[in-house]
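S.K.: Here is a sequence with its predicted model. Questions after.
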Amino acid sequence: QVQLVESGGGLVQAGGSLRLSCAASGRTFSSYTMAWFRQAPGKEREFVARISWSGISTYYADSVKGRFTISRDNAKKTVYLQMNSLQPEDTAVYYCAATVSSTYNSWGQGTQVTVSS
């Protein structure tokens, strides 16, 4: 497994931007598909975006498509989530996760994103 640590969360006004980072440890980071999930208070954790090991293939939830961009730097063992045009409904704890199959078995501790109206 790979260990993951998220950073970059905070408080931002509606319409603003944040960039989240997820730093990984381990020698095989480039083998993992990476993803971002989020969990709002009282709601289930939901998928946000994922990126293939090469960075060529990305996929987004409809709710963030066109506003969020996932990217990765395998040399730095880091995956990013650029979030633009943030809205109050984007308020949640954001988690990064890693998988080499279809099950995400490595998770970070999460970073809080709060969007004020």
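M.R.: That came in fine, so what should we check first?
S.K.: rest of the way, CA atoms for contacts and neighbours
M.R.: Will do.
S.K.: for the residue lying closest to Gly26 once chain neighbours are set aside, what are its contacts?
M.R.: Spatial nearest neighbour of Gly26, chain neighbours left out: Val2 (5.5 Å); criterion: CA to CA, 6 or more residues apart in numbering. Going by CA atoms under 8 Å, 6 or more residues apart in numbering, Val2 touches 24-26, 28-29, 98, 106.
S.K.: ok, 7 Å please
M.R.: Contacts for Val2 were tallied using CA atoms under 7 Å, 6 or more residues apart in numbering; they are 24-26, 106.
S.K.: likewise Glu46?
M.R.: 37-39.
S.K.: Help me confirm that Ala97 comes into contact with Trp36.
M.R.: Yes: under the criterion of CA atoms under 7 Å, Ala97 makes contact with Trp36 at 6.2 Å.
S.K.: Let me know whether my guess that Lys65 is in a helix holds.
M.R.: No: counting by DSSP: H, G, I helix; E, B strand; the rest coil, one finds Lys65 to be coil, located in no helix.
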